[in-house]
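Asks: Please work out how this folds:
(one chain, ligands or ions: 4)
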Amino acid sequence: MNTPLPADPTPPAAPPARAPLHALSNADLHCHSVVSDGTLTPELLAARAKAHGVELWALTDHDEVGGQERALAAARAQGLPYLTGVEISVTFATKVVHIVGLGFDHHNEQLVNGLRATRGGRGARAREMSEGLAQVGILGAYEGALRYAGNPELISRTHFARFLVETGQCYDVPEVFRRYLTEGKPGYVPHRWASLGDTVRWIREAGGMAVIAHPGRYGFTPTEEYALITEFIGHGGRGIEVVTGSHSAADILQYTDTALEFNLLASRGSDFHSPEESRVDVGKLGEHLSGKLQPVWTALSDRIHWPPSAH
Ligand code: AMP
Ligand code: MN
Ligand code: MN
Ligand code: MN
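Replies: Ligands and ions are numbered 1, 2, ... in the order given. As a prediction, the model looks like this:
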């Protein structure tokens, strides 16, 4: 007698309503609103992301989750799947690196308190920056920058840059950074941000994933970069941005290899701040993640907020 064939697996009760996550390609998991140093509201960003064909979105304001409720509601209204997001400023070996958090509980107390402490020094730093600028004849920069800060707790170098452009002292934002706001320049004030270990822990313990933001921007030596990645993984970090608005085509190839070498999940995001200033608009990244990579969202499926229309 023939052995009976195993029973067919039970067919699904209903056809799957959502596109499979591996088929999703236009994810934009890095951008900024007026809650940090962007110029658009979370609502306008959600509408722009939708209009540009974004299939999965995250708002990642600097050191602040105060825009997450608005972003979630706006994404829902636009029918846009959403992951909570944040971009945390970290001091690592005397340099500043940015760590993106995705898919966490934005009410988590430890995360919210940690971010509040990270933001804490920005006011005093901004006043010091203003004093430095006054010494080279630029007056009223603190008050000027503050006018641009939608969230005074998040006053940043970007707001100073906008003030200097508006008052005709520089042609554009990158020129302000080159002449006034980077190391060794009159408006630069070194600052102690969060530690890498605390940052990754806050994100993880709030249920999210930590991702190294725009690694190509730090100007690290291979040794420094190796130290960053191995320490990050040691703390439980799992992702790295490969396709971002601040990476060149060569950077994308390089960090594709890095992600594969260190077995990191790959992320994709424009780092959009403003229609006037940003090189890449939200949802308008030209490149997709290589098919060799495992995208961060495949490991965050249970953290995605699906809009009602996707059910
Ligand atoms: P802060 O957190 O106050 O040090 O400001 C950092 C922000 O300044 C970054 O998130 C970018 O938005 C912006 N930024 C940094 N470097 C540059 C640059 N070279 N050109 C334009 N914007 C920059
Ligand atoms: Mn920024
Ligand atoms: Mn950044
Ligand atoms: Mn950013």
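
Asks: shaky segments in the chain?
Replies: Confidence mapping of the chain against pLDDT under 70 gives the ranges 1-17, 310-311.

Asks: In it, what residue spans correspond to helices?
Replies: 42-51, 68-78, 109-119, 122-134, 141-148, 157-166, 173-176, 196-205, 222-234, 249-261 (DSSP state H).

Asks: Give the closest residue to G269 in space, chain neighbours not counted.
Replies: Nearest non-adjacent residue to G269, counting by CB to CB, 6 or more residues apart in numbering: H30, 2.6 Å away. C-beta here means a position set from N, CA and C on the backbone, and glycine is covered the same way.

Asks: Point out the residues in the chain that sit beside ligand 4.
Replies: E87, D271 (CB under 5 Å from the ion).

Asks: again, only using 8 Å
Replies: 30-32, 60, 62, 87, 98, 100, 213-214, 269, 271, 273 (CB under 8 Å from the ion).

Asks: of the residues you listed, list those near ligand 3.
Replies: H30, H62, E87, H98, A213, H214, D271.

Asks: quick one: the last one and C31 touch, right?
Replies: Yes: distance between D271 and C31: 6.6 Å, which falls inside the contact criterion (CB atoms under 8 Å).

Asks: Just the buried residues from the ones next to ligand 3 among the residues of the chain next to ligand 4, in ChimeraX please.
Replies: Applying 16 or more other CB atoms under 10 Å to these, the buried members can be selected in ChimeraX as follows:
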select :30,62,87,98,213,214,271
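
Asks: Farthest-apart pair in the ones next to ligand 3 among the residues of the chain next to ligand 4, please.
Replies: H62 and H214 (13.0 Å; CB to CB).

Asks: coming back round to it: can I get the helices of the chain in JSON lines with mean neighbour count and distance to I240?
Replies: What follows is those, written out as JSON lines (neighbours: other CB atoms under 10 Å; distance: least, CB to CB, whole Å):
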{"stretch": "helix 42-51", "mean neighbour count": "21", "distance to I240": "22"}
{"stretch": "helix 68-78", "mean neighbour count": "20", "distance to I240": "23"}
{"stretch": "helix 109-119", "mean neighbour count": "17", "distance to I240": "21"}
{"stretch": "helix 122-134", "mean neighbour count": "18", "distance to I240": "27"}
{"stretch": "helix 141-148", "mean neighbour count": "18", "distance to I240": "31"}
{"stretch": "helix 157-166", "mean neighbour count": "22", "distance to I240": "24"}
{"stretch": "helix 173-176", "mean neighbour count": "18", "distance to I240": "25"}
{"stretch": "helix 196-205", "mean neighbour count": "21", "distance to I240": "13"}
{"stretch": "helix 222-234", "mean neighbour count": "15", "distance to I240": "8"}
{"stretch": "helix 249-261", "mean neighbour count": "16", "distance to I240": "5"}
